[in-house]
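1. Here's a sequence, model it:
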Amino acid sequence: MSEAARPARIVGLDGLRGLAVLAVVGYHLGIPRAFDAGFLGVDIFFVISGFIITLSLLREHERQQHIDLRAFYFRRMRRLFPAALALVFVSAALTLWLVPDAAPRLQADIPAAFAYMSNWWQIASKQSYFEAMGRPPVLQHLWSLAVEEQFYIVWPWGLLLVLRRGRISTVVWCCVLLALASTLAMAHAYLGGEQNRAYLGSDTHAMGLLVGAALGALCSRARWDEGQLRAAHPVAAGAVQAAGWGALAALAALVWFCNQDTPLLFLGGFLLAAVLSATVVMATLDARGSLSRCLATPLIQWLGTRSYSIYLWHWPFCVWLRSTPGDSYEGGWLTAMKLAATVLASELSWRWLEGEGRTMTVKTKEASRFWPYLAWSYLAVGLLFAVVAWGLHDGPAPPLEVAAVRTALPPQAAAQPASDPASAPAQAEAVAEEVPAALASGGEITVIGDSVILGAKDHLLRALPGITIDAAVGRQFSEGRSLVAQLRASGLLKPIVVLHLGTNGYILESDLRDVLKKLSDREQVLLVDVHANRRWTEQNNEIIDRLAAGHPNVARVRWSALSQEHPEYFVQDGIHLTGIGIMALTGAIGRAAGLRIPDPPPAARMPHGAGRATPASAPMDAASGPAEVEPLPAHQEGDKAPSPAGETS
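-> Numbering: from 1, shown residues only. Predicted structure coming up:
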């Protein structure tokens with residue numbers, strides 16, 4: 001297709017891109033209570049991409065009665081590839097220098113990044129987009145580029161096939177049906193407990209691209225992007241503007257009020273977001289409309305025209321300049337540094353890489369040299385892969401699959417965090433050998449937890465003989481409802497139930513209410529709150545605190561407050577536990593259940609770091625002495641020691 005045949009640039013779409021990338025950056029910066037669902041910005045990009053690509057291809061087919069696939073793929077490659085290539089090369093160099101602990105994962109991710117298969121690689125290697133522990137992968141965000149590129153490869157062929165057998169209206173209906181099928185596939189995967197598969201899959205997350213394609217097919221016939229709607233039907237044009245503003249407000253509400261653990265998003269919400277985005281896109285096609293004029297402001301236009309570069313570069317800076325594990329908002333100068341670095345890198349990328357790409361056409365001399373350039377680029381990628389591998393020759397890469405983190409240390413080493421998770425099970429056993437035999441029985445306790453409890457499982461079994469533990473990596477609180485029913489049916493639900501969930505995502509108030517209702521016949525329910533540098537931690541602990549107060553058999557174990565001034569309790573990710581951390585958590589749970597837990601060896605209570613003194617304001621260590629507790633109601637009885645259970649603070 002010639003440059004003249006291409007649809008004119010739509011200013012309103014650039015503005016919408018600017019808002020979308022703003023939401024994504026806000027989400028990745030961890031800004032609390034504002035961009036909890038900022039990842040929906042990616043779905044806005046999907047809709048815009050599906051719209052532009054389909055509209056361009058159909059216009060070309062209308063004018064020339066065919067689609068030049070070679071020219072299409074060339075335009076896509078020279079638009080997207082140079083900046084992505086630069087990103088990976090710079091990422092390899094700076095990661096080895098700034099955060100070498102992230103280099104093994106980077107090495108494993110490079111081939112998939114250049115094959116535009118990052119999303120399937122992340123699914124296969126069990127990289128979770130929402131539940132990253134420790135430092136996340138530097139190239140994690142390339143999953144969305146992979147989904148788009150796979151769409152670009154398949155869609156033109158599908159479009160040609162449909163056009164040979166039907167009209168443009170057939171294209172619209174095919175897009176609608178495929179979008180519904182993608183939505184059903186996402187819901188099926190999510191209800192099957194595969195949230196990561198549901199979100200990252202090209203089949204399960206294609207509804208935005210397909211809804212955009214449907215709108216592009218409609219516009220190719222109606223010429224809405226050329227102002228014909230306003231010219232022929234001014235009243236209808238006004239209604240479209242009103243609908244566009246309403247859809248934009250609804251998208252903002254989704255970003256503000258939803259989060260990654262909102263079930264409705266995976267049960268049709270992403271399709272809703274796509275339809276709302278398409279409505280906004282339709283309104284922006286009217287250059288004289290109020291929405292387009294608003295989105296034409298200079299700052300929003302700057303964000304929109306550079307949105308691809310901003311998306312590419314902001315995430316690595318979020319990883320490189322992270323002061324603590326996790327994705328919570330760090331605020332202050334650190335966030336300002338991330339934004340400043342992103343602005344500079346994005347501007348340079350846009351001017352030197354994207355700008356050059358936009359001026360090339362398939363018949364220019366530059367284009368004739370593009371394919372050799374592409375071949376040499378992939379050769380360079382191979383060399384880069386070898387260099388990164390050489391830089392890591394001192395030690396093997398960690399396993400790709402997220403595994404249970406059992407990082408207990410022997411008492412004599414408890415002052416240092418665990419650095420080798422592979423040796424953790426043996427270390428946990430060493431800790432258990434040093435602890436005196438337990439003076440209490442856990443035969444009346446069932447613990448339901450995630451990987452934090454899984455890492456402490458061996459010590460809990462030794463310290464509290466007879467305790468029942470059901471823990472799994474990546475477990476969400478939403479799984480608690482069915483799990484409680486399963487444990488009850490199998491006879492494993494003891495009189496005392498301990499819940500430690502909420503590390504991996506948001507706790508929905510409805511889920512917690514339902515679980516507590518199912519446990520209302522238990523003698524005692526202990527809710528252990530969350531210690532994690534995650535955006536959802538504060539909100540989860542607020543919900544736990546509020547609902548615990550409304551149930552007479554429920555008490556809260558304040559693990560967050562207990563461990564606040566004890567970095568020696570945690571390994572590098574700030575969530576999973578060292579040996580002393582495991583003993584502290586065991587002590588908090590045991591004492592809250594009214595059991596006598598032995599003190600850990602004195603060496604294990606050493607503060608973290610040479611010469612570091614524990615602040616006087618720090619809460620008392622649950623493993624070394626009783627803490628302030630709130631007595632349970634008088635009806636709680638048992639043959640154990642008098643129950644001081646309640647809120648361990």
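
2. Could you check how far the residue nearest to Asn119 when sequence neighbours are not counted is from Glu131?
-> Among residues not flanking Asn119 along the chain, Trp143 sits closest, at 4.0 Å (C-beta to C-beta, 6 or more residues apart in numbering). Where C-beta positions appear, they are placed from N, C-alpha and C, glycine not excepted. Between Trp143 and Glu131 the computed distance is 14 Å (C-beta to C-beta, to the nearest Å).

3. neighbour-wise, which of the two wins?
-> With neighbours defined as other C-beta atoms under 10 Å, Trp143 and Glu131 compare such that Trp143 has more, 26 against 20.

4. what's the helix or strand for the more buried one?
-> Per DSSP states H and E: Trp143 is located in helix 143-165.

5. before we move on, what about Gln107?
-> helix 103-114.

6. Outline the domain layout of this structure.
-> What automatic domain parsing lists as the domains of the chain is 11-391, 411-605.

7. returning to what we had before: next, the angle helix 103-114 makes with the helix holding Trp143.
-> Going by axes from the mean of the first three to the mean of the last three C-alpha atoms, to 10 degrees, helix 143-165 is angled at 20 degrees with respect to helix 103-114.

8. Could you list the low-pLDDT ranges of the stretch 201-350 of the chain?
-> 222-233, 323-331 (pLDDT under 70).

9. what about 90?
-> 219-238, 259-263, 286-289, 321-336 (pLDDT under 90).

10. Would you mind listing the buried residues in stretch 295-314?
-> 295-296, 300-314 (16 or more other C-beta atoms under 10 Å).

11. Which parts of the stretch 501-649 of the chain are helices?
-> Assigned by DSSP state H, counting those that start in this stretch, the helices in the stretch 501-649 of the chain fall at 509-518, 537-548, 559-562, 579-592.

12. would JSON lines of the ones you listed with mean pLDDT, mean neighbour count and distance to Leu264 be doable?
-> Formatted as JSON lines, the helices of the stretch 501-649 of the chain follow (pLDDT from 0 to 100; neighbours: other C-beta atoms under 10 Å; distance: least, C-beta to C-beta, whole Å):
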{"stretch": "helix 509-518", "mean pLDDT": "92", "mean neighbour count": "17", "distance to Leu264": "11"}
{"stretch": "helix 537-548", "mean pLDDT": "90", "mean neighbour count": "19", "distance to Leu264": "18"}
{"stretch": "helix 559-562", "mean pLDDT": "90", "mean neighbour count": "22", "distance to Leu264": "28"}
{"stretch": "helix 579-592", "mean pLDDT": "88", "mean neighbour count": "28", "distance to Leu264": "34"}
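
13. okay, these in JSON lines with distance to Gly158 next?
-> Converted to JSON lines, the helices of the stretch 501-649 of the chain look like this (distance: least, C-beta to C-beta, whole Å):
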{"stretch": "helix 509-518", "distance to Gly158": "40"}
{"stretch": "helix 537-548", "distance to Gly158": "42"}
{"stretch": "helix 559-562", "distance to Gly158": "51"}
{"stretch": "helix 579-592", "distance to Gly158": "54"}
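
14. of all those helices, which lies closest to Phe570?
-> Closest approach to Phe570 among the helices of the stretch 501-649 of the chain is made by helix 579-592 (5.8 Å; C-beta to C-beta).

15. returning to what we had before: and the contacts of the helix holding Trp143?
-> Contact with helix 143-165 is made by 42, 45-46, 49-50, 53-54, 57-58, 61, 67, 69, 72-73, 76, 80, 84, 112, 116-120, 122, 129, 170-171, 174, 200, 202, 205-206, 209, 213, 311, as judged by C-beta atoms under 8 Å, 6 or more residues apart in numbering.

16. Export only the CA atoms of that helix, formatted as PDB.
-> Extracted C-alpha coordinates of helix 143-165, given in PDB (Å, rounded to 0.1, in the frame of the first residue of the first chain):
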ATOM      1  CA  TRP A 143       4.500 -10.400  26.500                       C
ATOM      2  CA  SER A 144       2.100  -7.900  25.100                       C
ATOM      3  CA  LEU A 145       4.300  -7.100  22.100                       C
ATOM      4  CA  ALA A 146       4.400 -10.900  21.400                       C
ATOM      5  CA  VAL A 147       0.600 -11.100  21.400                       C
ATOM      6  CA  GLU A 148       0.300  -8.200  19.000                       C
ATOM      7  CA  GLU A 149       3.000  -9.500  16.700                       C
ATOM      8  CA  GLN A 150       1.400 -13.000  16.600                       C
ATOM      9  CA  PHE A 151      -1.900 -11.200  15.600                       C
ATOM     10  CA  TYR A 152      -0.100  -9.300  12.900                       C
ATOM     11  CA  ILE A 153       1.300 -12.500  11.400                       C
ATOM     12  CA  VAL A 154      -2.000 -14.400  11.400                       C
ATOM     13  CA  TRP A 155      -4.600 -11.700  10.900                       C
ATOM     14  CA  PRO A 156      -3.900 -10.600   7.300                       C
ATOM     15  CA  TRP A 157      -4.100 -14.200   6.100                       C
ATOM     16  CA  GLY A 158      -7.400 -14.600   7.900                       C
ATOM     17  CA  LEU A 159      -8.700 -11.400   6.500                       C
ATOM     18  CA  LEU A 160      -7.900 -12.400   2.900                       C
ATOM     19  CA  LEU A 161      -9.600 -15.700   3.500                       C
ATOM     20  CA  VAL A 162     -12.800 -14.100   4.800                       C
ATOM     21  CA  LEU A 163     -12.800 -11.500   2.000                       C
ATOM     22  CA  ARG A 164     -12.600 -14.200  -0.700                       C
ATOM     23  CA  ARG A 165     -15.700 -15.800   0.700                       C
END
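
17. who's in contact with stretch 260-269?
-> Under C-beta under 8 Å, 6+ apart, the answer for stretch 260-269 is 36-37, 39, 130, 183, 186-187, 190-191, 195, 198-199, 254, 258, 273, 476, 478, 505-508, 536.

18. Buried residues in that stretch, which are they?
-> Residues of stretch 260-269 classed as buried by neighbour count (16+ other C-beta under 10 Å): 260-263, 265-269.

19. Secondary structure and distance to Phe89 for those - can I get that in JSON lines?
-> As requested, the buried residues of stretch 260-269 are arranged in JSON lines below (DSSP: H, G, I helix; E, B strand; the rest coil; distance: C-beta to C-beta, whole Å):
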{"residue": "Gln260", "secondary structure": "coil", "distance to Phe89": "31"}
{"residue": "Asp261", "secondary structure": "coil", "distance to Phe89": "36"}
{"residue": "Thr262", "secondary structure": "coil", "distance to Phe89": "37"}
{"residue": "Pro263", "secondary structure": "helix", "distance to Phe89": "40"}
{"residue": "Leu265", "secondary structure": "helix", "distance to Phe89": "35"}
{"residue": "Phe266", "secondary structure": "helix", "distance to Phe89": "36"}
{"residue": "Leu267", "secondary structure": "helix", "distance to Phe89": "41"}
{"residue": "Gly268", "secondary structure": "helix", "distance to Phe89": "40"}
{"residue": "Gly269", "secondary structure": "helix", "distance to Phe89": "37"}
